[in-house]
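1. Below are the sequence and a predicted model for it; my questions follow.
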Amino acid sequence: MFDKILIANRGEIACRVIETARRMGIATVAVYSDADRDALHVACADEACHIGPAPATESYLLGAKIIEAARRTGAQAVHPGYGFLSENAEFADACADAGLTFIGPPADAIRAMGSKSEAKALMERASVPLVPGYHGTDQDPALLASEAEKIGYPVLIKASAGGGGKGMRIVRSAVEFLASLDSAKREAASSFGDERVLVEKYLTAPRHIEVQVFADSLGNAVYLFERDCSVQRRHQKVIEEAPAPGMTEARRAEMGEAAVAAAQAIGYQGAGTVEFIAEGEDFYFMEMNTRLQVEHPVTEMITGQDLVEWQLRVASGEALPLSQSELTISGHAFEVRLYAEDPQRDFLPATGRLLHFETPPQTRHLRLDSGVRTGDSVTVYYDPMIAKLIVWDRDRASALARLRAALAETYIVGVTTNTAFLAAVAAHPAFAEGGVDTGFIERYARDLLPAPEAADDDCLALAALAEMSAVRREAAQGALRSGDGGSPWFRTDGWRLNGETRRHLLFQEGEQEFVLDIGYAPGGGLEAAMPGGAVMSLRGDWQENGHLRANLNGRVVTARVLHDGQDFTVLHGGRSHNLHLLDPRNPDLAGEDEGGQLTAPMSGKIVAVRVEPGAAVEQGQVLVVLEAMKMEHSITAAQDAVVSRVFFAAGDLVEEGAELLSLETADD
Ligand code: MV4
């Protein structure tokens, strides 16, 4: 076994690998960019090497820097995690050339699965079931059209070099074929530098079922059963589970054996995933991922195995820890990916500092794989995944109940997240039924993306209690400092020296405003007239753990209220509300004129700056094009103006709210 390994990754997967290495007594070396000096993965490792500036192309994607770091620290092997260099055959070769073990498959196995059409040809020879279609080298459009006719419409044109949905075109009838072929070829050429395509029967409502495989260097190979990852949004997985709902023992063995055959056909070693799409009784090979995947924890939960430990054993030349007959499934597991993104704004990635990050405590039923902690920032430089929440229980229904409960007790403040969206998916009756297909999210988008609910009376009452108790505490501290123990501030009946026994509290949330009229009640506690007219009696105490335990009209409610100056975040009932208290003595400049500058509406990359300083622009004219989450957004002039300064250029990464350019308008 290795004495020391280097982890060529960051975030949760780097932490995950370090954890197993530590348990096995293997020393760890982390690598980090400028943006990750204080990151959790650096703190967890025994040693760490700086490898460059924040952009991944200048740090985590630079194989030479990573190999140099391994040399310098005496690491014997490199774990690539997922993403970055994990499926880069040249990097795997470079590791071998430097005398380092790449903890992953042989470079040639990565290459064999890199091309879709070559992979299909290999799989065909290994008798792995393929979607009916054409994946030959002759690319004559007339031939492709006649193949489409043979397959029968609808068909799907895919880029041979592609993956992940890029360059795909659905063709519903023969009249559309040649036009779709042209556009698929153009996209394939620009995305992959290779315009070759293949044509397949298009399955309209498939499920995504993938099989975990493992092979060692001694010729053994096993499957660790399947994961169902059908709940996806634009090819991004949202919830994964194991085992797949409705899977029979016979089908499981059939798919598992096909997956093992696929791995053996390319001389595979290490952890791999064979992806299938399944419809009805049929399943077909899609692609093979030659890495440990994000969703591997659900497999670990149902098999009781540590897949990183398996990877380390196999890479160091040991045999697989278990044979096929020794592997069994116990219970059911779900994983959700908590992302910094805004479901209300087309899931645009969000950035910011995690002011508060809270999940229920980890138990054998709940696992949290995270690469960040409270106080860390989510930046534009890397994938915005915050953590993975994984639950396990004896059966699917119990595990799903645990997932819902865990999401209801997950509170993240400081960055917008998909937590409420995940909770809506987990709560959906069609998902509870099990066995949804890849169209689930689109089909139920209306249920899953409800308009955000306004703060209700309970939420406002909790914020008001926090404000009133803060005022009382400040006053009490003032009295203590002045040694005036008999100060009327200590009285709880609301008597006030300045006679201010009632207050109007004006809370703002987004565009909405809420006014409460609150005061001390004659019998003790507080009484508030709520915005809708209801009257509530309120009492509350802060508990040791920072929770506010309140009594609202006789109901006992426990919530977390984070209070920072005029800003209150109320975390209650699985929802989070940000309320801003308008201070009557120091009113904010509401409706401040921001005409003089133009800021980035979201974090992303500048694709083009269409104007120069001095340019006169018209209302509606495109000034800057910003790319975020693989989509382009045009930023236009709100009124006629002259550009005075431009702060960024094409290729720059910008954070949400960054000033892009300054404008002079006629009335300035
Ligand atoms: C398909 C398909 C239907 N029929 N192939 C999407 C990305 C790539 N991994 C393969 N994909 C698909 N290939 C045929 N012949 C539907 C998809 C597909 C999909 C597959 C798995 C999970 C989610 C998906 C979402 C949309 C489309």
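-> Nice, I can see it.
2. Isn't Arg207 up against Glu279?
-> Yes: using CB atoms under 8 Å, Arg207 is in contact with Glu279, at 7.2 Å. Backbone N, C-alpha and C define where each C-beta goes, glycine included.
3. between the two, what contacts are shared?
-> Asp437 (CB atoms under 8 Å, 6 or more residues apart in numbering).
4. Looking at those two, which has the bigger crowd around it?
-> Using other CB atoms under 10 Å as the criterion, Arg207 and Glu279 rank with Arg207 on top: 23 against 14.
5. Show me what that one is bridged to.
-> Beta-bridge partners of Arg207, counted by DSSP bridges, are Ala278.
6. With Glu295 as the reference, measure out to it.
-> 15 Å (CB to CB, to the nearest Å).
7. can you count the residues close to Ile151?
-> 18.
8. Thought Pro132 was touching it, still the case?
-> Yes: using CB under 8 Å, Ile151 makes contact with Pro132 at a distance of 5.6 Å.
9. Go through the helix or strand of the chain with the lowest mean pLDDT and flag the buried ones.
-> Least confident helix or strand of the chain, by mean pLDDT, DSSP states H and E, is strand 631-636 with a mean of 75. Neighbour counts over strand 631-636 (16 or more other CB atoms under 10 Å) mark 633, 635 as buried.
10. Dump that strand to PDB, restricted to CA.
-> Provided in PDB are the C-alpha atoms of strand 631-636 (Å, rounded to 0.1, in the frame of the first residue of the first chain):
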ATOM      1  CA  MET A 631     -25.900  30.200 -21.400                       C
ATOM      2  CA  GLU A 632     -25.300  33.700 -22.800                       C
ATOM      3  CA  HIS A 633     -27.000  36.800 -21.300                       C
ATOM      4  CA  SER A 634     -27.000  40.200 -23.000                       C
ATOM      5  CA  ILE A 635     -26.700  43.200 -20.800                       C
ATOM      6  CA  THR A 636     -28.300  46.200 -22.300                       C
END
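11. and the residue of the stretch 451-600 of the chain found nearest the ligand, what does it touch?
-> At 25.9 Å from the ligand, Ala451 is the closest residue in the stretch 451-600 of the chain, using CB to the nearest ligand atom. By CB under 8 Å, 6+ apart, the contact set of Ala451 is Gln344.
12. Next up, identify which helix or strand it is on.
-> Using DSSP states H and E, Ala451 maps to neither a helix nor a strand.
13. For beta bridges, what are the partners of Val378?
-> So, taking DSSP bridges as the rule, Val378 has Gly352 as bridge partners.
14. my guess is it contacts Thr351, does it?
-> Yes: with contact defined as CB under 8 Å, Val378 reaches Thr351; the gap is 5.2 Å.
15. If you count surrounding residues, which of these two has more?
-> Using other CB under 10 Å as the criterion, Val378 and Thr351 rank with Val378 on top: 26 against 21.
16. Report all helices and strands that the longest helix seen in the chain contacts.
-> In the chain, assigned by DSSP state H, the helix with the most residues is helix 457-481. For helix 457-481, the packing partners by 3 or more CB pairs under 8 Å, 6 or more residues apart in numbering; DSSP states H and E come out as strand 502-509, strand 512-520, strand 526-529, strand 535-542, strand 547-552, strand 555-564, strand 567-572, strand 575-582.
17. Kindly recompute the last result at 6 Å.
-> Judged by 3 or more CB pairs under 6 Å, 6 or more residues apart in numbering; DSSP states H and E, the packing partners of helix 457-481 are strand 512-520, strand 535-542, strand 547-552, strand 555-564, strand 567-572.
18. is it true that Glu291 touches Gly81?
-> Actually, residue 291 is Arg. It isn't Glu. No: contact criterion CB atoms under 6 Å: Arg291 and Gly81 do not qualify, at 7.8 Å.
19. From Ala48, how far off is Ala423?
-> Taking CB to CB, one finds Ala423 at 36 Å from Ala48.
20. ok, now Gln269?
-> For Gln269, the distance to Ala48 - CB to CB - is 29 Å.
21. Over to Gly83?
-> Distance from Gly83 to Ala48, by CB to CB: 19 Å.
22. more neighbours, those two?
-> Taking other CB under 10 Å, Gly83 and Ala48 do not tie; Ala48 has more neighbours (22 against 18).
23. Could you list the buried residues of the helix or strand that contains that one?
-> In the assignment (DSSP H and E), Ala48 maps to strand 47-52. By neighbour count with 16+ other CB under 10 Å, strand 47-52 contains the buried residues 47-49, 51-52.
24. likewise stretch 302-314?
-> So for stretch 302-314, counting by 16+ other CB under 10 Å, buried means 302-303, 305-308, 310-314.
25. Can you get me a residue count around the nearest residue to Leu465 once chain neighbours are set aside?
-> The shortest distance from Leu465 to any non-neighbouring residue, by CB to CB, 6 or more residues apart in numbering, is to Gly540 (4.1 Å). As a burial measure, Gly540 scores 22 neighbours (other CB under 10 Å).
26. Report the contact partners of Gly540.
-> Taking CB atoms under 6 Å, 6 or more residues apart in numbering, we find Gly540 in contact with 465, 548, 550.
27. swap the cut-off to 7 Å and go again
-> 465, 469, 548-551 (CB atoms under 7 Å, 6 or more residues apart in numbering).
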